[in-house]
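> sequence and predicted structure below; questions after.
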Amino acid sequence: MAFLRNASFAAGFGLLALQLAGCGPSVVRGSDDPSVDRAALSTSLDKEDMKRALKETLNKFRTSDVMNRWRTENPKPTVAVFPFQNSTSEHIDSQLDTILSETEAWVLEAGTVRIIDQRRQAEFIKQVEGSQSAAFDPKHIPQYGKQMGAKYVITGHVSGNDERNEDMRRVQYFLYLEVVEVATSEKLGLWKSEITKAVK
């Protein structure tokens, strides 16, 4: 009798588990449902934000005097792409890593320069900052560039403006990309794009 009760309980529990599984969330692939990528889930930067901002910024870069100079330099100049700084109140460090990699890939595909391997950066940053630190300091860009043999450095930052009232929170992001000539420390170009996210 106890066996039958236990078997009945197990069957009932299994049925309940199956029903709950059927009612739970489903996993959707973005390639099957493009609205997955379009929907904003938070005020942080997502794929669509980065894609839109980078496209706008890099298109300005494409037609700049710097790019025109690079197209005519022979041999091709050496360029290092350094980290983008987070000057916002949001936790967007992983997004900034993506922006760095996408920028590096874009510049490489443009074919106008030689890119210095990003993985060597920590080694050269340590040489400039001292063996105890591998933290990137934008003020030392010329020293990093000289250590790496780069003629130019590409870097940037994201700043933000965070506002709230009783009904809404709005975060405005500003993505900046800049090019610095290592020998002179001259900033040769600065391009900006804007992103706004809100929770209503």
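Sure thing, it's come through.
> pLDDT weak spots in this protein?
Residues of the chain that meet the criterion pLDDT under 70 lie in 1-24, 30, 33-39, 41, 131-134.
> contacting residues around Leu58?
Applying CB atoms under 8 Å, 6 or more residues apart in numbering, we find Leu58 in contact with Thr103, Trp106, Leu177. The way it works is simple: take the backbone N, C-alpha and C, and place the C-beta from them, glycine included.
> please apply the same query to Met50.
Counting by CB under 8 Å, 6+ apart, Met50 touches Gln95, Thr98, Ile99, Glu102.
> please repeat the previous calculation with a cut-off of 10 Å.
Ile92, Gln95, Leu96, Thr98, Ile99, Glu102, Val158, Tyr173, Leu175, Ile195 (CB atoms under 10 Å, 6 or more residues apart in numbering).
> that's a strand at the fifth one, yeah?
No - according to DSSP: H, G, I helix; E, B strand; the rest coil, the state of Ile99 is helix, so it is not within a strand.
> now do it against Tyr173, distance only.
According to CB to CB, to the nearest Å, Ile99 and Tyr173 sit 11 Å apart.
> those two: which has the busier surroundings?
Tyr173 (25 against 21; other CB atoms under 10 Å).
> what segments of the protein are helices?
If DSSP state H is used as the criterion, the helices of the chain fall at 2-23, 35-38, 47-62, 65-72, 93-110, 121-129, 141-148.
> still on that earlier bit, among the contacts of Leu58, which one lies nearest to Glu56?
Ranking those by separation from Glu56, with CB to CB as the measure, puts Leu177 on top at 10.3 Å.
> return the residues in contact with the residue lying closest to that closest one once chain neighbours are set aside.
In space, not counting the residues next to it along the chain, Leu177 is nearest to Gly156; the distance is 4.2 Å by CB to CB, 6 or more residues apart in numbering. Contact partners of Gly156, counting by CB under 10 Å, 6+ apart, are 57, 81-85, 96, 99-100, 103, 138, 175-179, 190-192.
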